[in-house]
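In: One predicted model, sequence on top.
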Amino acid sequence: MEENQPKIGKFSWTWGIILGLAGIVFSLMLYFAEMHYEQSWTIRIISILLILGAVIIATSQYKKANSGLLSMSEALKLGAGIGLVGGIIGMAFYGLLTNVIEPDFMDKAMAIAKIDAVAKNPNMTDEQWAQGVEMQKKFAWLAYPIGIIINVVMGLVIGLITGLIMKKQKNTI
């Protein structure tokens, strides 16, 4: 008789939603502190810690619910699933932020980026800058699928590492 094994999808959905909501809360904190244009390492590290925490906790809970057993494929599926769900929620919020909450987000971001670009390349002409901005606006939609893909890959990597550390197979004699 086979035991009632927990569903990876349930854990992926639950922890993916938690990750997505935590990401939204973090994004709102940045927005209200007027730091949502910043691309600092601190912000990136906190974002990585959010997905890291979600995958580790979910994997640990899954292993506990599965009688202490965890395979590599289960850990990878959990990581990828959590990354996918969290990424979709995060990108949906990003779309809401940049198109509804702050429709001139892209223009403000470009103005901030121009200051850095001119500082790094003082010979840049306004025409060159305008061409770069137009090109970026044409491909801005790519941020959505790329953001989701990055989340899934991060989830896979974290799932792999977590799986290597936590895996435990059923003893067969």
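Out: In hand now; what should we look at?
In: List phi and psi for the most centrally placed residue in the chain.
Out: The chain has residue 151 as the residue nearest its centroid, 4.0 Å off, counting by Cα atoms, centre = their mean. Note on residue 151: its backbone torsions stand at phi -60, psi -40 [degrees, to the nearest 10].
In: mind listing what the closest residue in space to it that isn't next to it in sequence touches?
Out: Sequence neighbours aside, residue 87 is the residue nearest to residue 151 in space, at 3.1 Å (criterion: Cβ to Cβ, 6 or more residues apart in numbering). No exception for glycine: its C-beta is placed from N, CA and C like everyone else's. Residues near residue 87 by Cβ atoms under 8 Å, 6 or more residues apart in numbering: 20, 147-152.
In: buried stuff in the helix or strand hosting residue 23?
Out: Counting by DSSP states H and E, the element that carries residue 23 is helix 8-32. When burial is assessed from 16 or more other Cβ atoms under 10 Å, helix 8-32 yields the following buried residues: 8, 11-12, 15-20, 22-24, 26-27, 30.
In: Off-centre distance for stretch 155-172?
Out: Averaging C-alpha positions (Cα atoms, centre = their mean, to the nearest Å) puts stretch 155-172 21 Å from its chain's average.
In: Stretch 54-67 now?
Out: The chain centre lies 20 Å from the centre of stretch 54-67; the measure is Cα atoms, centre = their mean.
In: what does that stretch contact?
Out: With Cβ under 8 Å, 6+ apart, stretch 54-67 has contacts from 3, 5-6, 8, 11-12, 14-16, 18-19, 22, 69-70, 74-75, 78-79, 82-83, 86, 155, 158-159, 162-163, 166, 168.
In: Also stretch 143-156?
Out: 48, 51, 55, 76, 79-84, 86-88, 90-91, 94-95.
In: all helices of this structure, in order?
Out: 8-32, 41-65, 72-96, 105-120, 126-138, 143-166 (DSSP state H).
In: Most tightly packed of those helices?
Out: helix 72-96 (a mean of 22; mean count of other Cβ atoms under 10 Å).
In: That one to helix 41-65, inter-axis angle?
Out: Helix 72-96 runs at 140 degrees relative to helix 41-65, counting by axes from the mean of the first three to the mean of the last three Cα atoms, to 10 degrees.
In: Fine by me, we can end here.
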